[in-house]
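> Coordinates for the following, if possible.
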Amino acid sequence: MPHLTSAASTTSGTGVRTGLGVPGYAHPLLAPAEWGELTRPGTPLDWVVLDVDAGPGTRPDPHCLQAAARLRGAGVRVLGRLDAVHGARDFGETITDAHRYLDWYQVDGFLLDRCPTDRVSLPETRRTVTTLRTLRDDAHIVLGHGTHPHPGYAENADQLVTFSGPWSDYRWSQAAAWTADYPPERFCHFVHGIPGGHLDEALRIARWQGAATIWFTDRTDRGGRTDPWETMPGYWDEIVSRIGTGVSE
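Have a look, this model is predicted:
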């Protein structure tokens, strides 16, 4: 079962605990303010992804070591990003990267990004997750599908990212029927390009669809040319306040 940090807040009128899952800011040298904000007391964080250099890199990065240590010191769960390349990544390479994250950054778990969604790839994903748990038995495992996968994946991780994309798609999206069999703490939504005036609407959609961990931003991918997750939302203070106080019906 998933274990969410105590900083997560309860959404008004539901009993669903809503918190932020940070997909991965830019390198701490490029985004020092963003990393600094994550240790502000009371920020409703479930976890923060550390992506040093498309993974852990080839040697310990002193700036990332410092950023990870500060987060852990503030009681924030840190996850290492492992790229599954939609099932094409070599198993041995993935586990090697996991060892590096654990040895160098003492991560609390992993985001298996670009995780496959089909039934055929399920056994290999299960093998990977099982091995990751042998490296750290209390590892928090998030499968970054970005869409609804075959329901069998829900039995192999603490959380699934079942939406990752633009607001233009999210506002008309629907949750897969099988997700109703699981609590909201099992699901994450990452949405970019949300105008400030639609933030409450986006939060309601996440609650209605049963996703307790979210990352909403007004940043866009500019047609796939930029990473919308690498900087904090322009309405950072507002979204922290909204989650902290709950969203009324």
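> got the buried residues for stretch 108-115?
Buried residues in stretch 108-115, counted by 16 or more other C-beta atoms under 10 Å: 108-115. Yep, even glycine has a C-beta here, placed from its N, CA and C like the rest.
> same question but for stretch 120-132, I mixed them up
In stretch 120-132, counting by 16+ other C-beta under 10 Å, buried: 121-122, 125, 128-129, 132.
> Likewise for stretch 153-171?
153-154, 156-165, 167, 170.
> which residues touch the strand or helix carrying residue 63?
Residue 63 belongs to helix 62-73 when assigned by DSSP states H and E. For helix 62-73, contacts defined as C-beta atoms under 8 Å, 6 or more residues apart in numbering pick out 27-29, 35, 38-39, 48, 50, 52, 57, 78, 104-108.
> Which two among those residues are spaced furthest apart?
The most widely separated members of the contacts of helix 62-73 are 29 and 108, with 23.1 Å between them, by C-beta to C-beta.
> give me every residue that touches the nearest residue to residue 227 once chain neighbours are set aside.
Distance criterion C-beta to C-beta, 6 or more residues apart in numbering; nearest residue to residue 227, sequence neighbours excluded, is residue 221 at 7.1 Å. Going by C-beta under 8 Å, 6+ apart, residue 221 touches 166, 192-193, 227-228.
> Look up how far residue 203 lies from residue 221.
21 Å (C-beta to C-beta, to the nearest Å).
> And residue 65, by the same measure?
34 Å.
> Between the two, which has more neighbouring residues?
Higher neighbour count among residue 65 and residue 203: residue 203, with 20 against 16, using other C-beta atoms under 10 Å.
> what comes into contact with the helix or strand hosting residue 92?
Secondary structure assignment for residue 92, by DSSP H and E: helix 91-100. Contacting residues not belonging to helix 91-100 are listed as 55-57, 80, 82, 84, 110, 124, 127-128, 131-132, 135 [C-beta under 8 Å, 6+ apart].
> run the last query once more with 6 Å
Under the criterion C-beta atoms under 6 Å, 6 or more residues apart in numbering, residues 55-56, 82, 128, 131-132, 135 lie in contact with helix 91-100.
> re earlier: please identify the one among the buried residues of stretch 120-132 that lies nearest to residue 61.
residue 132 (21.4 Å).
> what's the helix or strand for the closest one?
helix 122-135.
> average pLDDT across that helix?
Mean pLDDT, helix 122-135: 97.
> could you check the angle helix 91-100 makes with that helix?
On the basis of axes from the mean of the first three to the mean of the last three C-alpha atoms, to 10 degrees, helix 122-135 is oriented at 30 degrees to helix 91-100.
> Pull the residues that contact helix 122-135.
94-95, 98, 102, 110, 139, 141, 152, 156.
> same thing but 8 Å
84, 87, 91, 94-95, 98-99, 102, 109-110, 112, 115-116, 139, 141, 143, 150, 152-153, 156-157.
> Quick one: mean pLDDT over the very next helix or strand once past it.
Per DSSP H and E, the first helix or strand lying C-terminal to helix 122-135 is strand 140-144. Per-residue pLDDT values across strand 140-144 average out to 98.
> so how far is the helix or strand that strand 140-144 is followed by off the chain centroid?
Note on strand 140-144: by DSSP H and E, the next helix or strand toward the C-terminus is strand 159-166. Mean-position distance between strand 159-166 and its chain equals 8 Å (C-alpha atoms, centre = their mean, to the nearest Å).
> For strand 159-166, which strands pair with it and how are they oriented?
strand 140-144 (parallel), strand 187-192 (parallel) (DSSP bridges).
> Ok, which of those comes nearest residue 243?
Closest among those, using C-beta to C-beta: strand 187-192, at 13.1 Å.
> Convert the closest one to CSV, retaining C-alpha atoms only.
Only the C-alpha atoms of strand 187-192 are listed here, as CSV (Å, rounded to 0.1, in the frame of the first residue of the first chain):
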residue,chain,number,x,y,z
PHE,A,187,-3.0,7.5,-8.6
CYS,A,188,-1.1,10.6,-9.8
HIS,A,189,-1.9,13.2,-12.4
PHE,A,190,0.6,15.5,-14.1
VAL,A,191,-1.0,18.4,-16.0
HIS,A,192,0.7,21.3,-17.8
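> Please consider this matter closed, and thank you.
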